[in-house]
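> heads up, no residue letters with this:
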RNA sequence: GCUCUCAUAGCUCAGGCGGUAGAGCACUCCCUUGGUAAGGGAGAGGUCCCCGGUUCAAUUCCGGGUGUGAGCACCA
């Protein structure tokens, strides 16, 4: 007798062994049809898996996250089969699941065109209709290598050769297609109902740029057609929110060939930029930071001393003048140490928190640039905290608190924290790394929030915490960081007089909350779809006249609102009110103030909110109060305002 | 940097298998002074990304560059 425990705790008994599919069958025909895979004692298996001891079994369907992943993985196989039917010379390599779908890399003599993609998709549909059974089998290494050699699948042979040990390998076969795979897979191709191929691009074999370029075909697959449709709608929504598109439409910034990767900020974009910067200045001032400013062009020898030249020479812009080599600064820290080094510092001066909105340039690889998100010229909300070893933990903790509060003000409630530890190429003794990694761990634990460990991803001079936020599309955006640096201060000769009169080297914490303003603005634009909250909106209100008669009143109203510090413009063009409302609504202005004879007589403005809501007529003072309140609450949502 | 794609009016985009191009919106002027998402008319606007080659002739074909986009690689 075999006892199976289902997830709801109920138990079932079977004679001898039984497959997962068999268990599903015994529960009901609906489940038997829906079962894509099973989970036996925690391990994901095929429905053909035979259970021969007492076990906990769960049936996986398209409604489980795991089920969708199995579906996507099987869809990758489905695509590979379709490709080999259409292009017999194409060699298969690897085809994993991604966040929203899957891809498969092919080695092929030419590239796939969009028409090819359509043909592949069609062939996939045909294979789904054939409803081929997906069979698992096991083979030993040498047989497997012989088989793939015979098939001319060189990459598969390489993959098998790279798998250590002598263990048997599992294979999945559907019709004329067989692939090396850990599985599990759906029981038959007919289970895959909702998929779409999305794009094709080159990708390196094994992700190494020294290797061959393969053809990577991306696709997405879902448990149901409805889910697929939702996903495609999400893609469309993301496209609408693209900050490059909105930047043009809302006249915020532009790029041009003469300055690749370096934005030209227009008045409206710069107004947002300034609003963000002024906010950060206030916040940092209130939290013990001293703002400074340092040169953009610094003699190359400083970068040699700091250690940056040896590691990042290719990514630095340099200038020769007067027989001297200068680098355009790629970061502010060496300059901040120069400020620290002026005058003798005592332990009483620590922690010293220096902040700078310094313009930096980095020669980013051409292919990596992406609108405002990855640029060659940028400004960070950069800061360096010089402190003693004992102060590290509280400084990091204070920083984390500040970061959470800033993110909330911008409307981001969810923060993802990751600790990156020592990389292979690094400076500094292992004991220093031990201590500093521990200090960051302690600070992270003190936040009470969940965090992840990312081994080997730290900077060459120290470990770091990376802070990402989730935007309204659920995308994760890395912004803030705090990095421990126990080397650069020493290299650049920083020291302070300790309590006992000895000279000690301060620790430096590199930190930024927003990251670069450019990137952060890109994130904000997409998060708000260009409809900036009042405190950030480049134009907070536009005053619209009905006829020429109200022109003077409108100008006076604008003047008095500007005097109160609001960003207000007028639209006195000889156009109908409906036309003006439409235009400024499309420009996503938070408040439209309509002025006709009635408003002039009563000293009012008729207020219309961006969403179309009519707040009716109110006095200028009342509108000032309304706008002030709106501005004062930043972007905090109900639950995040304290 | 690598693979592929693309580059035409201020914007969004058509077009031409070689004979210097078109729409909508925006812009300018005129009419209209109209109360909450497009009033009407007229006009102006282009080195078809840059440099070479082929050709009687290149915006179109070919080569090279630059930039954009999707990925990959990179990201102090």
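Looks like it arrived, so ask away. Predicted, not measured: the structure shown is a model, and the values here were computed from it.

> Heading C-terminal from the helix or strand containing residue A:74, find the next helix or strand.
Per DSSP states H and E, residue A:74 falls inside helix A:65-86. Once the chain leaves helix A:65-86, the next helix or strand it forms, by DSSP H and E, is strand A:91-92.

> chain center to that following strand: distance?
Relative to the mean C-alpha coordinate of its chain, strand A:91-92 is positioned 31 Å out (C-alpha atoms, centre = their mean, to the nearest Å).

> again with stretch A:456-467
Offset of stretch A:456-467 from its chain centre (C-alpha atoms, centre = their mean): 18 Å.

> Quick check, the residue in the stretch 351-500 of chain A closest to RNA strand B?
residue A:367 (1.9 Å; C-beta to the nearest atom of the strand). From N, CA and C alone the C-beta is placed, and that goes for glycine too.

> Determine the number of other residues adjacent to that residue.
7 (other C-beta atoms under 10 Å).

> Also residue A:481?
21.

> Which residue is the nearest non-sequential neighbour of it?
residue A:466 (5.2 Å; C-beta to C-beta, 6 or more residues apart in numbering).

> Now do the contacts for the one you found.
A:417, A:418, A:420, A:454, A:478, A:480, A:481 (C-beta atoms under 8 Å, 6 or more residues apart in numbering).

> tell me which element the fifth one is part of?
Pointing back at residue A:478 there. Going by DSSP H and E, residue A:478 is in strand A:476-485.

> Now do that strand: which elements does it pack against?
helix A:392-409, helix A:430-447, strand A:464-470, strand A:507-516, helix A:517-527 (3 or more C-beta pairs under 8 Å, 6 or more residues apart in numbering; DSSP states H and E).

> Which of these sits closest to residue A:256?
helix A:517-527 (15.6 Å; C-beta to C-beta).

> Report the mean confidence score over that closest one.
Mean per-residue pLDDT for helix A:517-527: 97.

> can you tell me which helix or strand residue A:32 belongs to?
Here residue A:32 is assigned to helix A:29-34, by DSSP H and E.

> What's the first helix or strand after that helix?
According to DSSP H and E, the helix or strand after helix A:29-34 is strand A:37-40.

> Quick check: residue A:201 vs residue A:103, distance?
The gap separating residue A:201 from residue A:103 is 9 Å, by C-beta to C-beta, to the nearest Å.

> Can you classify the closest residue to RNA strand B within the stretch 101-250 of chain A as helix, strand or coil?
As assessed by C-beta to the nearest atom of the strand, RNA strand B sits closest to residue A:202 within the stretch 101-250 of chain A, at 2.9 Å. Following DSSP: H, G, I helix; E, B strand; the rest coil, residue A:202 is assigned to strand.

> Report the contact partners of it.
A:111, A:213, A:214, A:215, A:216.

> can you tell me the helix or strand for residue A:182?
Using DSSP H and E, residue A:182 falls outside every helix and strand.

> Chain neighbours aside, what residue packs nearest to it?
Nearest residue to residue A:182, sequence neighbours excluded (C-beta to C-beta, 6+ apart): residue A:170, at 6.3 Å.

> again, but for residue A:242
residue A:526 (7.0 Å).

> again, but for residue A:592
Once flanking residues are discounted, residue A:592 sits nearest to residue A:608: 4.4 Å by C-beta to C-beta, 6+ apart.

> show me where the stretch 301-450 of chain A has strands.
A:318-321, A:324-328, A:345-346, A:352-356, A:359-361, A:377-387, A:415-420 (DSSP state E, counting those that start in this stretch).

> got JSON lines for those strands, with mean pLDDT too?
Formatted as JSON lines, these follow (pLDDT from 0 to 100):
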{"stretch": "strand A:318-321", "mean pLDDT": "92"}
{"stretch": "strand A:324-328", "mean pLDDT": "95"}
{"stretch": "strand A:345-346", "mean pLDDT": "97"}
{"stretch": "strand A:352-356", "mean pLDDT": "98"}
{"stretch": "strand A:359-361", "mean pLDDT": "97"}
{"stretch": "strand A:377-387", "mean pLDDT": "97"}
{"stretch": "strand A:415-420", "mean pLDDT": "94"}
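
> Just put those in CSV and tack on distance to RNA strand B and mean neighbour count.
Shown next, in CSV, are the strands of the stretch 301-450 of chain A (distance: least, C-beta to the nearest atom of the strand, whole Å; neighbours: other C-beta atoms under 10 Å):
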stretch, distance to RNA strand B, mean neighbour count
strand A:318-321, 11, 10
strand A:324-328, 9, 17
strand A:345-346, 23, 14
strand A:352-356, 15, 22
strand A:359-361, 9, 18
strand A:377-387, 10, 23
strand A:415-420, 9, 19
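
> To residue A:604, which of those lies closest?
Using C-beta to C-beta, the strands of the stretch 301-450 of chain A put strand A:377-387 closest to residue A:604, at 40.5 Å.

> sorry, back to before: so what strands line up beside the stretch of helix or strand the residue nearest to residue A:182 belongs to?
Applying DSSP H and E as the criterion places residue A:170 in strand A:169-174. Sheet pairing here is set by DSSP bridges, and for strand A:169-174 it gives strand A:134-139 (antiparallel), strand A:177-180 (antiparallel).

> and the first one, which residues are buried?
Within strand A:134-139, the residues scored as buried using 16 or more other C-beta atoms under 10 Å are A:134, A:135, A:136, A:139.

> and of those, the nearest to residue A:633?
residue A:134 (55.6 Å).

> The closest one touches residue A:192, doesn't it?
No: counting by C-beta atoms under 8 Å, residue A:134 stays clear of residue A:192, with 10.1 Å between them.

> okay, and the common contacts of the two?
A:74, A:186.

> what residues does the stretch 451-600 of chain A put near RNA strand B?
Residues of the stretch 451-600 of chain A lying close to RNA strand B by C-beta under 7 Å from any atom of the strand are A:459-460, A:483, A:510, A:546-549, A:574-579, A:581-582, A:585-586, A:592, A:594-599.

> From those, keep the buried residues only.
By 16+ other C-beta under 10 Å, those give A:459, A:460, A:483, A:510, A:546, A:577, A:581, A:592, A:594, A:595, A:596, A:599 as buried.

> Helices - which of those residues land there?
Judged by DSSP state H, the subset of these located in helices is A:577, A:581, A:599.

> Now pLDDT too, for those residues, in CSV please.
What follows is these, written out as CSV (pLDDT from 0 to 100):
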residue, pLDDT
A:577, 96
A:581, 96
A:599, 97
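
> List just the nearest of those to residue A:9.
So of these, ranked by how close each gets to residue A:9 (C-beta to C-beta), first place is residue A:581, at 60.7 Å.

> Chain neighbours aside, what residue packs nearest to that closest one?
residue A:592 (6.2 Å).

> gap between the one you found and residue A:570?
Taken as C-beta to C-beta, the span from residue A:592 to residue A:570 is 11 Å.

> Let me see the contact set for the residue of the stretch 451-600 of chain A found nearest RNA strand B.
In the stretch 451-600 of chain A, the residue that lies nearest RNA strand B is residue A:596 (2.1 Å; C-beta to the nearest atom of the strand). Contacts for residue A:596 (C-beta under 8 Å, 6+ apart) come out as A:545, A:546, A:547, A:550, A:606.

> One more: residue A:103?
So residue A:103 contacts A:76, A:95, A:96, A:203, A:216, A:217, A:218, A:219 (C-beta under 8 Å, 6+ apart).

> So it versus residue A:215, what's the distance?
10 Å.

> which residues do the two both contact?
residue A:203.

> Isn't residue A:520 up against residue A:514?
Yes: assessed by C-beta under 8 Å, residue A:520 is found in contact with residue A:514 at 4.1 Å.

> Quick check: neighbours shared by the two?
A:276, A:479.

> Residue A:183 and residue A:281, how far apart?
56 Å.

> Over to residue A:7?
In terms of C-beta to C-beta, residue A:7 sits 55 Å off from residue A:281.
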